[in-house]
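**Student:** using only what follows, build the 3D model:
(one chain, ligands or ions: 1)
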Amino acid sequence: MSNAVIAVDGPGASGKTTVGRLLAHKLRYKFLDTGAMYRAITWAALEAGVSPKDSRRLVSLAQEQRMEVAFQQDGQGLVLVDGRDVAAHLREESVEQSVSLVSQVPGVRDILVELQRRVAEEGRMVMAGRDIGTVVLPHAPIKVFLTASVAERARRRHAELQASGHGVPYQDVLEYLAKRDKLDSERKVAPLRPALDAHVLATDGLSAEMVVERILEMVRLQSWA
Ligand code: DC
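**Tutor:** Got it, this is the predicted structure:
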């Protein structure tokens, strides 16, 4: 039983991380962004000169390296690769370009899913990703699937990029997200889709605080929180 773990899934830039982090903070839960794990393995592969198309070598790399999740005092989960904090590399362009390919490899997913399940045993946690409610924790007591139109998600991501000094044109962000949506939802293993028992929340026009408030209402109806 995946007790007291809230699964927050959804497409890129749907607000999973912002909402998940805020929700975890309000509940004094831990927060794990599983996208960071797929990004970390992608970064490790690129560092080791392994092609993101070479499934066999990707799986060997995933088996050989030691990936861990360390929770900080504020509850945020940090992904460590061979003991090293790789957070600063996870949004690099090369990682962005290759992560969808790496996350399609079944053997890589098996290894990360197993680690995610082990971490989830700690309980009292919000776990964000694409397949948490469908594959990783099918018995999670609360599953939320966030959606937003691709235009809205591109607007949010574009604003984030601008705020961090990256002047990428809006149109490029839009096209990139549309491409990622297609790859993530058409892949054979664990494609992006809501679990049958997920609460699907359309977030266009809603602030992260408003989305969190809706999820907290669901949590209040549960006795374990
Ligand atoms: O949420 P994100 O943009 O950081 O995710 C990066 C990639 O990892 C994205 O292409 C989908 C993949 N991913 C996945 O397949 N399963 C997860 N649970 C989380 C992310």
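**Student:** please, where are all the strands along this structure?
**Tutor:** Along the chain, the segments classed as strands by DSSP state E run 5-9, 30-33, 67-71, 77-81, 84-85, 125-129, 142-147, 199-202.
**Student:** take the ones you listed and lay them out in a markdown table including distance to the ligand, mean pLDDT and mean neighbour count.
**Tutor:** Where C-beta positions appear, they are placed from N, C-alpha and C, glycine not excepted. Shown next, in a markdown table, are the strands of the chain (distance: least, C-beta to the nearest ligand atom, whole Å; pLDDT from 0 to 100; neighbours: other C-beta atoms under 10 Å):
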| stretch | distance to the ligand | mean pLDDT | mean neighbour count |
| --- | --- | --- | --- |
| strand 5-9 | 7 | 97 | 29 |
| strand 30-33 | 7 | 98 | 24 |
| strand 67-71 | 13 | 96 | 15 |
| strand 77-81 | 11 | 97 | 20 |
| strand 84-85 | 17 | 95 | 12 |
| strand 125-129 | 3 | 98 | 29 |
| strand 142-147 | 11 | 96 | 24 |
| strand 199-202 | 17 | 96 | 16 |
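**Student:** compare the ones you listed and give me the one nearest P191.
**Tutor:** Taking C-beta to C-beta as the measure, those were each checked against P191, and strand 5-9 came out nearest at 11.4 Å.
**Student:** please name the strands paired to the closest one in the sheet, noting orientation.
**Tutor:** Using DSSP bridges, the strands paired with strand 5-9 in its sheet are strand 125-129 (parallel), strand 142-147 (parallel).
**Student:** now A70, nearest residue through space, not along the chain?
**Tutor:** Nearest residue to A70 in three dimensions, chain neighbours excluded: L78, at 4.9 Å (C-beta to C-beta, 6 or more residues apart in numbering).
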